[in-house]
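Colleague: Turn this into a structure:
(2 chains)
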Number of protein chains: 2
Amino acid sequence: MKFTENFERAKKEALMSLEIALRRGEVDEDIIPLLKKINSMENYFTTSSCSGRISVMEMPHFGDKVNAKWLGKWHREVEFEEVMEAIKKHREGQLWLLVRSPILHVGARTLEDAVKLVNLAVSCGFKYSNIKSISDRKLIVEIRSTERLDAFLGENGELLVSEDYIRKLVEVANAQLKRFKDKLRKLEKNL
Amino acid sequence: MKFTENFERAKKEALMSLEIALRRGEVDEDIIPLLKKINSMENYFTTSSCSGRISVMEMPHFGDKVNAKWLGKWHREVEFEEVMEAIKKHREGQLWLLVRSPILHVGARTLEDAVKLVNLAVSCGFKYSNIKSISDRKLIVEIRSTERLDAFLGENGELLVSEDYIRKLVEVANAQLKRFKDKLRKLEKNL
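Modeller: Purely as a prediction, here's the structure:
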């Protein structure tokens, strides 16, 4: 596979795309220093990223991403009140409160570089890190953590749980968010 | 990396471990034909697997696997009544209803074999498939799907949701289980 030969060109393209995304404000702000650090390293470059989030979403059925609609989305701890605001916008389909861990896709020069990065990420708590794809064009490492919450809240405009219950879920979601933000800081420090 | 040189030995060891696990009844029954099919192929072998499950679990806090306790666990669709039976055993910590997708770890002979298997698994719906680890000893592909449910049900012996809500959750859980069982059948057919 020729990914090592194509590394410099792939990195140049990725940095240009990142520059455009940064100007458009499409990159999660709290992850920008980490992206810059990775891109300053000789053997790596970032291709996409999300700093992790808490969201309220409605969708016809679980997994139907195409028809899913965000009612609220936050890359920080949330307050009970703002979650309730989002829930009030629910009209149809299934209503879910979701937590998603950070995810970074990183191009690596060689297989050894890829394995080194996966191992470092795992040691910083990103236990779901892996080699996502390999082709002649590039070798992509995925950095991902285990925090995740998929809580079903209601259906067709009707809330099926109590406000006290949602307060509890918000606590659980915030605890997960704090955990993965700590991991991001640890990764940035140890790179 | 020497995983290709070490493939035959690693496969032999893995098949012996599988044989022992099979005799002890430790392998999920509905996944055995798929494991046998993979192990009959020249360039692959299985190292561990779970066919996916619905479970009721109590734990001090979400994510604390070490101190978690299964109150009920099923590798098939569940009835509302048996879920309630499991829930009644809850005494302390947090109570959760969980769905987890199937997960298979497969050793591959070469990097090309690994990439081929990841791509096939993704095309069968296992969208979280990846190369899990690479070392001199072996090259491991992880086959994993996106279905998941984390429903917080109660705390310290107290149920915080209604029985109607649990009925709904059981429906959602069974729909997810059906989806990933279909994917397993598709994978077995397409291998």
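Colleague: pLDDT of stretch A:3-22, averaged?
Modeller: Average pLDDT, stretch A:3-22: 96.
Colleague: mind listing what's buried in that stretch?
Modeller: Within stretch A:3-22, the residues that count as buried by 16 or more other Cβ atoms under 10 Å in any protein chain shown are A:Phe3, A:Asn6, A:Phe7, A:Ala10, A:Lys11, A:Glu13, A:Ala14, A:Leu18. Bear in mind the C-beta positions are built from the backbone N, C-alpha and C, glycine included.
Colleague: So which of the residues you listed is the closest to B:Phe126?
Modeller: A:Phe3 (23.2 Å; Cβ to Cβ).
Colleague: how close does that closest one get to chain B?
Modeller: 10 Å (Cβ to the nearest Cβ, to the nearest Å).
Colleague: circling back to that earlier point, output the buried residues of stretch A:3-22 as TSV; include the columns secondary structure and distance to A:Asn174.
Modeller: Output for those, formatted as TSV (DSSP: H, G, I helix; E, B strand; the rest coil; distance: Cβ to Cβ, whole Å):
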residue	secondary structure	distance to A:Asn174
A:Phe3	coil	39
A:Asn6	coil	42
A:Phe7	helix	40
A:Ala10	helix	37
A:Lys11	helix	36
A:Glu13	helix	37
A:Ala14	helix	33
A:Leu18	helix	29
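Colleague: The lengthiest helix in chain A: how far from the chain's middle?
Modeller: The single longest helix within chain A, with elements called by DSSP state H, is helix A:163-190. Here helix A:163-190 is found 13 Å from its chain centre; the criterion is Cα atoms, centre = their mean, to the nearest Å.
Colleague: what about it, near chain B?
Modeller: Yes: counting by Cβ under 8 Å from any Cβ of the partner chain, chain B has neighbours in helix A:163-190: A:Asp164, A:Tyr165, A:Lys168, A:Leu169, A:Val172, A:Ala175, A:Gln176, A:Arg179.
Colleague: Need the pLDDT of the last one.
Modeller: Right, the one you point to is A:Arg179. A:Arg179 is given a pLDDT of 95.
Colleague: Run through the residues that contact the residue nearest to it when sequence neighbours are not counted.
Modeller: Leaving out its chain neighbours, the residue that sits closest to A:Arg179 by Cβ to Cβ, 6 or more residues apart in numbering or on different chains is A:Glu147, at 5.8 Å. Counting by Cβ atoms under 8 Å, 6 or more residues apart in numbering or on different chains, A:Glu147 touches A:Gly52, A:Val99, A:Ser101, A:Gln176, A:Leu177, A:Arg179, A:Phe180, B:Gly63.
Colleague: any idea which of these is closest to B:Arg23?
Modeller: Sorting the contacts of A:Glu147 by distance to B:Arg23 puts B:Gly63 at the head of the list, at 33.5 Å, by Cβ to Cβ.
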